[in-house]
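Enquirer: here's my sequence, what's the structure:
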Amino acid sequence: MTSESGDPQKHQVRIAASILAADFSQLGRDIRSLNDGGCDEIHFDVMDGTFVPNITFGAPVLESIRPLTSLPVDIHMMVQEPGRFVDDFARAGADYFTVHVEACTHLHATVQAIKAAGMKVGVALNPGTPVSVMDEILPDIDRVLVMTVNPGFGGQQFITGQLAKIAAIADRLPRGADGVDLAVDGGVKADTAPGCVEAGASLLISGTGIFNHPDGVISGISSLREAIGVTEA
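Expert: Next up is the predicted model:
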């Protein structure tokens with residue numbers, strides 16, 4: 001993926017921190033570290049124990065952290081029929097609402113409900129879901145999220161075979177002012193981030209790569225930026 005000048009568009013790649021990997025007993029502290037470290041976005045994983053084998057948090061937690069940051073927050077709904085929760089998260093202050101194509105019986109209706117609530121729309125794909133399912137919905141959304149692990153738990157190993165999927169989706173996306181974000185989530189760390197960017201990703205979502213960095217959260221963000229050749233937000 002190159003700009004008109006022929007230089008890689010690495011300056012456009014953004015970093016999102018998945019707070020699933022944060023220290024929940026010090027969540028306010030960790031959110032402030034994301035602010036100080038120049039993170040671009042907060043990724044908020046919602047799991048229901050049905051669509052994925054884990055349970056996390058809901059709108060009240062977002063409501064509690066929203067006053068601590070002005071960063072955009074993307075709600076990643078790993079739940080069955082996520083449309084039930086659109087209004088709750090809109091009221092709590094979400095900027096993006098990302099749903100899984102596999103979890104929506106009526107995806108187009110869900111997308112329209114998210115827009116009506118004033119949020120931007122993301123659609124996520126599990127590793128085993130083919131790219132072709134996105135073709136009909138791409139004109140209506142703001143973000144595609146490629147899962148590079150099977151969803152449900154943080155700290156999993158990056159599935160390298162998903163790089164081809166990232167590249168295939170990048171070829172389908174509109175560019176310019178009407179461009180669609182191409183996000184990658186799962187096992188994104190300093191060693192896997194460059195391949196994602198090379199394949200066409202514009203947003204890198206990292207949990208343990210940021211929060212488990214031995215030198216702290218701010219260093220975790222910096223290490224990702226350095227790995228992809230970007231030293232400033």
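Enquirer: what secondary structure does residue 158 sit in?
Expert: With DSSP: H, G, I helix; E, B strand; the rest coil as the basis, residue 158 sits in coil.
Enquirer: just list the residues touching it, thanks.
Expert: Residues in contact with residue 158 (Cβ atoms under 8 Å, 6 or more residues apart in numbering) are 148-149, 186-189, 192. In short, each C-beta sits where N, CA and C put it, glycine included.
Enquirer: now do residue 115
Expert: Residue 115 makes contacts with residue 121, as judged by Cβ under 8 Å, 6+ apart.
Enquirer: go on, residue 133?
Expert: Listed by Cβ under 8 Å, 6+ apart, the contact set of residue 133 reads 101, 125.
Enquirer: wait, a helix at it?
Expert: Yes: when the secondary structure is assigned by three-state DSSP, residue 133 falls within a helix.
Enquirer: that one and residue 99, how far apart?
Expert: 13 Å (Cβ to Cβ, to the nearest Å).
Enquirer: could you do residue 19 as well?
Expert: Applying Cβ to Cβ to residue 19 and residue 99 gives a distance of 19 Å.
Enquirer: ok, residue 120 next?
Expert: Counting by Cβ to Cβ, the gap between residue 120 and residue 99 amounts to 12 Å.
Enquirer: can you list residues touching both of the two?
Expert: Listed contacts common to residue 120 and residue 99 are residue 114; contacts here mean Cβ under 8 Å, 6+ apart.
Enquirer: neighbour count for these two, which is higher?
Expert: For residue 120 versus residue 99, neighbours defined as other Cβ atoms under 10 Å are more numerous around residue 99 (28 against 17).
Enquirer: okay, buried residues for stretch 208-228 please.
Expert: 208-211, 213, 217-218, 220-225, 227-228 (16 or more other Cβ atoms under 10 Å).
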